[in-house]
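Chemist: give me the fold of what follows.
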Amino acid sequence: MARTYAANEKIRFACIGIGGMGGKGVGVASGEQIVAAADVDANHAGGSIKKIKEKFADAKIYTDYRKLFDEQKGLDAAWVATPDHHHFPASVRALDAGLALYCEKPLCHDIYEARKLRELAKAKKVVTQMGNQGHSGEHVRLLCEWIWQGSLGDVTEAHVRPPYNEMDYGSRNAGQPAKVPASLDWDLWQGPVKEREFRTGIHPATWRGWIDYGTGLLGDWFCHNADGAVWALKLNEADTCEVECEGEDPNATNWPHGVRVSWKFPKRGEMVPCVMRWSSGTYNDKPMPPTVDPERVAAVAKHPSAYFGTKGTAVSGWWMDGVRLFPESFMKEVGKPKTVIPRVKGGHESDFINAIRMGGRSSADFDYSARLTEIMLVGNVANLVREKLAYDFRAGKFTNSEKANALIRREPRKGWEFGYV
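Modeler: Okay, here's the model as predicted:
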């Protein structure tokens, strides 16, 4: 349950995963009070550990966040910035403890996990936020307002892609057996996932490309660049969808790069049926054959996302920035939309802190961002199964494939069962 804070009272944080992107969480939490932090690699997290101890001498540093949550009972909030496969086991412990929670994107690794976190956050009535920073921006709100006010007409199709230069950030290489770095607890790093030997090309960055640990290019960029399509077209309110994937096959250990994924959504309230298309790798500038005007598709193909309506087209940039109507003459004709969505002051992270202090909701709370993540994860199942799948968001399962249903939830290793039972 939400608590109230005196004017000068600090929010007491635990930071889980403090190397890399976790350093940003350390920076935000340092404006409050860091009580404890955890990371499996003392060398990779060394800079953050130094910063924490310089400002909060009594803060306790752990290797195992399970022990942190067992021992630290005076916390208010947690910040999770681990690799994807640790998002759920860390987050579910934080929510179970009744803590406000910020978790980097994507929210988790598997469909079961997304649904569980959404359900638990709602039951605990705590402030939550996923790290899709563009969701708190001005431009995604403009897109929603233009579409909701009918400026584009009926939007029947949206195209989304990642940056071109992301192709190596999520390796397709299974690496070579290697000696575990002295500073790394490899057993803890693997966490709930089946044990395997340490290999090059996993830690500290290219784990994103590994099926066991990351969610591939789709998981890396969907929650940023498809956020506008999901929010503006109310895809998060759909009861069902159909999904299919084509292109490069996954290998035994790593996600593919060159794929095209399409989700078909039925009518949602006043929203007409629509299709959302993802193209990456070798398909980055060659999206799936559109059902809308090919000339319009070609004209906006270089944009990270585009939205095709019966009256006009909109485009947006990375992290949902730079939203424009296309062409410029159409944007001048339509003008600025009427403001109907509250604006966020101070940015995505400040929005989370302010929601804790004021007792409100953050912009990308788990009620929304867990469904955004779930839609992405449905696409990743299609990435592995390569069949045309039908998914029921109400039941949380595929209605036409037991092979796909077997990928909704994986069994955790012994010692990591919390939240999976």
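Chemist: after the worst-scoring helix or strand of the chain on mean pLDDT comes which helix or strand?
Modeler: When the helices and strands of the chain are scored by mean pLDDT, DSSP states H and E, helix 294-299 comes last with a mean of 89. Scanning forward in sequence from helix 294-299 by DSSP states H and E, the next helix or strand is strand 305-309.
Chemist: direction included, what does the helix or strand following that next one pair against?
Modeler: Scanning forward in sequence from strand 305-309 by DSSP H and E, the next helix or strand is strand 313-316. Here strand 313-316 is paired, per DSSP bridges, with strand 305-309 (antiparallel), strand 324-326 (antiparallel).
Chemist: out of those strands, deepest packed?
Modeler: strand 305-309 (a mean of 26; mean count of other C-beta atoms under 10 Å). C-beta coordinates here come from the backbone N, C-alpha and C atoms, glycine included.
Chemist: average pLDDT for it, rounded please.
Modeler: When pLDDT is averaged along strand 305-309, the result is 97.
Chemist: would you mark the buried spots in the helix or strand containing W146?
Modeler: W146 is part of helix 138-148, with elements assigned from DSSP H and E. For helix 138-148, the neighbour count (16 or more other C-beta atoms under 10 Å) marks H139, V140, R141, L142, L143, C144, E145, W146, I147, W148 as buried.
Chemist: of those, closest to W207?
Modeler: If you rank these by distance to W207 using C-beta to C-beta, V140 comes first, at 28.2 Å.
Chemist: for the closest one, give me its contacts.
Modeler: Residues near V140 by C-beta atoms under 8 Å, 6 or more residues apart in numbering: G134, D227, G228, W231, A232, S316, M320, V323.
Chemist: same thing but at 7 Å, please
Modeler: Shown in contact with V140 (C-beta atoms under 7 Å, 6 or more residues apart in numbering): G134, D227, G228, W231, M320, V323.
Chemist: now the helices for the chain?
Modeler: For the chain, applying DSSP state H gives helices covering 22-29, 46-55, 65-71, 84-96, 111-124, 138-148, 186-190, 216-225, 227-232, 294-299, 328-334, 348-358, 366-385, 402-405.
Chemist: closest to K414 out of those?
Modeler: That would be helix 186-190 among the helices of the chain, by C-beta to C-beta, at 11.7 Å.
Chemist: can you name the residues in contact with that closest one?
Modeler: Counting by C-beta under 7 Å, 6+ apart, V40, T63, D64, V180, F198, H203 sit against helix 186-190.
Chemist: could I get the average pLDDT for it?
Modeler: pLDDT averaged over helix 186-190 gives 98.
Chemist: and if you look at stretch 197-210?
Modeler: 90.
Chemist: before we move on, the earlier item: just put the contacts of V140 in TSV and tack on pLDDT and neighbour count.
Modeler: Converted to TSV, the contacts of V140 look like this (pLDDT from 0 to 100; neighbours: other C-beta atoms under 10 Å):
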residue	pLDDT	neighbour count
G134	97	22
D227	98	28
G228	98	29
W231	98	21
M320	97	29
V323	97	25
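Chemist: among those, which one lies nearest to C245?
Modeler: D227 (20.4 Å).
Chemist: now do the domain split for this protein, please.
Modeler: Domains of the chain are assigned by automatic domain parsing as 12-134+346-365, 136-345+375-405.
Chemist: may I have stretch 219-238 as PDB, with CA atoms only?
Modeler: C-alpha atoms of stretch 219-238 as PDB (Å, rounded to 0.1, in the frame of the first residue of the first chain):
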ATOM      1  CA  GLY A 219      12.800  -7.200 -26.700                       C
ATOM      2  CA  ASP A 220      15.500  -4.500 -26.800                       C
ATOM      3  CA  TRP A 221      13.600  -2.000 -29.000                       C
ATOM      4  CA  PHE A 222       9.900  -2.900 -29.100                       C
ATOM      5  CA  CYS A 223       9.000  -1.300 -25.800                       C
ATOM      6  CA  HIS A 224      10.500   1.900 -27.100                       C
ATOM      7  CA  ASN A 225       9.600   2.200 -30.700                       C
ATOM      8  CA  ALA A 226       6.200   0.300 -30.700                       C
ATOM      9  CA  ASP A 227       5.000   2.100 -27.600                       C
ATOM     10  CA  GLY A 228       3.200   4.700 -29.700                       C
ATOM     11  CA  ALA A 229       1.400   2.000 -31.700                       C
ATOM     12  CA  VAL A 230       0.300   0.100 -28.600                       C
ATOM     13  CA  TRP A 231      -0.900   3.200 -26.700                       C
ATOM     14  CA  ALA A 232      -2.300   5.200 -29.500                       C
ATOM     15  CA  LEU A 233      -4.100   2.300 -31.200                       C
ATOM     16  CA  LYS A 234      -5.200   0.800 -27.800                       C
ATOM     17  CA  LEU A 235      -3.600  -2.500 -28.700                       C
ATOM     18  CA  ASN A 236      -3.200  -3.100 -25.000                       C
ATOM     19  CA  GLU A 237      -7.000  -3.300 -24.700                       C
ATOM     20  CA  ALA A 238      -7.300  -6.100 -27.200                       C
END
